[in-house]
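Chemist: Show me the folded form of this:
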Amino acid sequence: MAAITLGRVRTLRKTPTIPLWAWILGALVVAAIGAYPQYGSNYYVMSLLGKFLCYAIFTLSIDLIWGFTGILSLGQAVYFGIAAYVVALSLKINYALTHPTRYGGKIPDFMEWNG
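Modeler: Next up is the predicted model:
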């Protein structure tokens with residue numbers, strides 16, 4: 001395509017697209033991650049994979065909001081932090097059920113009211 005402006009010819013360039021090899025490689029990576037629970041048996045790797053995918057989703061959400069709007073929004077970080085806090089509390093409660101606490105009860109120390 002060419003556009004004529006004041007006697008000069010100016011060519012319009014097409015925006016670069018993602019090459020075919022990148023699409024194929026991305027599809028293979030997604031397929032490998034999706035098929036790992038069927039063929040992989042290592043619990044540690046599965047837990048790491050879950051953590052990495054959670055962090056990737058969180059990072060992509062920040063990147064999309066910051067990249068397209070230019071606004072650093074930490075609204076989703078509130079929910080991420082609340083979820084991390086709830087997981088930590090539930091782990092502490094599960095630990096207190098099988099191990100004696102400081103006061104000998106079945107609830108964690110932070111839930112004890114006035115000793």
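Chemist: check which helix or strand covers Ala22.
Modeler: Per DSSP states H and E, Ala22 falls inside helix 20-39.
Chemist: So for whatever helix or strand comes next after that helix, what gets flagged as buried?
Modeler: Of the helices and strands lying after helix 20-39 in sequence (DSSP H and E), the nearest is helix 43-69. Under the neighbour-count criterion of 16 or more other CB atoms under 10 Å, helix 43-69 has Ile65 buried. C-beta here means a position set from N, CA and C on the backbone, and glycine is covered the same way.
Chemist: can you give me the angle helix 43-69 makes with helix 20-39?
Modeler: 140 degrees (axes from the mean of the first three to the mean of the last three CA atoms, to 10 degrees).
Chemist: Remind me what helix 43-69 packs against, helices and strands.
Modeler: helix 20-39, helix 75-98 (3 or more CB pairs under 8 Å, 6 or more residues apart in numbering; DSSP states H and E).
Chemist: for the record, mean pLDDT for that helix?
Modeler: On average, the pLDDT along helix 43-69 is 86.
Chemist: so which of the helices and strands packed on helix 43-69 comes closest to Thr69?
Modeler: Comparison of the helices and strands packed on helix 43-69 against Thr69 by CB to CB identifies helix 75-98 as nearest, at 12.3 Å.
Chemist: Noted, bye for now.
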